[in-house]
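A.B. asks: Take a look and give me a structure for this.
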Amino acid sequence: MKKIIQTILLTIIATLSVILTATTTHAANLQPYMIHDQRHILTPAQKQQIIQQNERWSHQRRHQQIWVYTFKQMPSTIKDGLSDDDSTGEISDNVSTSILTKAVKSYTPADGDYDRETMVDQRLSFLTNQVSILVVYPRGGGQRALFIKSEDLRSAVSDFQNWRMNLGLSKQVDSNAALMKYVHVYTPFINKHVANVVMIKEGISWSSIWEFIIVVLFIWGFIGIVRFIRHTPGGGGGDSSFDDGYVMGRWMR
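C.D. replies: Numbers count the residues shown, from 1 in each chain. Have a look, this model is predicted:
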């Protein structure tokens, strides 16, 4: 029994050690992977701004990140992740997984007191929750921008919020200002709804908005009907009915 307890305790300690190593060591090694600007769209100051913001997030509860990757040629992972009709600009999670896996394997050494594949999987799981990636690649004679949200960010963004934030964002990137606009739009949202919250809650959705509108219209319609009935004169009664009532009133007096 004593040996069983010791084995369980050692297993728990080893697991906690792996988790602690995954959450601390990887945070200190992510900076080289935050910016991958093959097209040289960003200025040095803009790159530094993104890195500094990621550094601030790394000290908060959910360790959120925004990485920017611009490609001269469309990588096969992106090409495979896109449908024939790229009208919606959707991209598969394989692109994010490919980028994050490459980063994790680059800074996870092969020699160590742990199973490398287990460590890679553990760190990849953390990064999938934490890292949003803005990918820019050639498409249709221009440069296409696709923003792949982290799992935590996806949990916080409702369909309505996603629509509202994307109103001012262009899928075609023709300048560093257009690219940085993604950073400027999502940074305050992450700060407020993701970075340091205890529990992530999705914002108001289109369905909730339509339900509210329908309830308001119903109440407004009901009030309008009641007012109409109250202010509409009663029916019946011409001169003769008036005379009859007048005579009856005189008689009752």
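A.B. asks: can you give me the strands in this protein?
C.D. replies: Remark: strands assigned in the chain by DSSP state E are 35-37, 65-70, 131-139, 142-148.
A.B. asks: hey, C-alpha coordinates of the third one in PDB?
C.D. replies: Listed next in PDB are the C-alpha coordinates belonging to strand 131-139 (Å, rounded to 0.1, in the frame of the first residue of the first chain):
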ATOM      1  CA  VAL A 131      -2.000  32.300 -29.600                       C
ATOM      2  CA  SER A 132      -4.000  34.100 -32.300                       C
ATOM      3  CA  ILE A 133      -2.200  34.300 -35.600                       C
ATOM      4  CA  LEU A 134      -2.700  37.000 -38.300                       C
ATOM      5  CA  VAL A 135      -1.600  35.300 -41.600                       C
ATOM      6  CA  VAL A 136      -1.000  37.400 -44.800                       C
ATOM      7  CA  TYR A 137      -0.400  35.500 -48.000                       C
ATOM      8  CA  PRO A 138      -0.700  36.200 -51.800                       C
ATOM      9  CA  ARG A 139      -4.100  35.600 -53.200                       C
END
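A.B. asks: Describe which strands it pairs with in its sheet and in which direction.
C.D. replies: Note on strand 131-139: by DSSP bridges, its sheet partners are strand 65-70 (parallel), strand 142-148 (antiparallel).
A.B. asks: what's the least confident stretch among those?
C.D. replies: Between those, the one with the least mean pLDDT is strand 142-148; it has a mean of 89.
A.B. asks: I'd like the distance from that strand to the chain centre, please.
C.D. replies: From the chain centre to the centre of strand 142-148 is a distance of 16 Å (CA atoms, centre = their mean, to the nearest Å).
A.B. asks: So what touches it?
C.D. replies: Identification of contacts with strand 142-148 by CB atoms under 8 Å, 6 or more residues apart in numbering yields 39, 41, 70, 86, 89-91, 93, 95-96, 132-138, 169-174, 178-179, 182, 186. No exception for glycine: its C-beta is placed from N, CA and C like everyone else's.
A.B. asks: Let me see the contact set for residue 105.
C.D. replies: Counting by CB under 8 Å, 6+ apart, residue 105 makes contact with residue 120.
A.B. asks: could you pull out the helices for the stretch 51-200 of the chain?
C.D. replies: Counting by DSSP state H, counting those that start in this stretch, the stretch 51-200 of the chain has helices at residues 76-81, 93-107, 116-130, 151-156, 159-166, 176-193.
A.B. asks: burial count for residue 195?
C.D. replies: Counted with other CB atoms under 10 Å, the neighbours of residue 195 add up to 19.
A.B. asks: Quick check on the residue nearest to it when sequence neighbours are not counted: phi, psi?
C.D. replies: In space, residue 195 comes closest to residue 60 once its chain neighbours are excluded; the distance is 4.6 Å by CB to CB, 6 or more residues apart in numbering. Per-residue torsions, residue 60: phi -100, psi 180 (degrees, to the nearest 10).
A.B. asks: quick one: pLDDT of residue 60?
C.D. replies: Here the pLDDT value assigned to residue 60 is 94.
A.B. asks: still on that earlier bit, go through the helices of the stretch 51-200 of the chain and pick out the most buried.
C.D. replies: Burial of the helices of the stretch 51-200 of the chain is given as mean neighbour count (mean count of other CB atoms under 10 Å); helix 151-156 ranks first at a mean of 19.
A.B. asks: How about residues contacting it?
C.D. replies: Residues from elsewhere that reach helix 151-156 (CB under 8 Å, 6+ apart): 62, 64, 128-130, 132, 186, 189-190, 193-194, 200-203.
A.B. asks: how about 6 Å then?
C.D. replies: Under the contact criterion CB atoms under 6 Å, 6 or more residues apart in numbering, helix 151-156 has outside partners 62, 128, 129, 132, 193, 194, 200.
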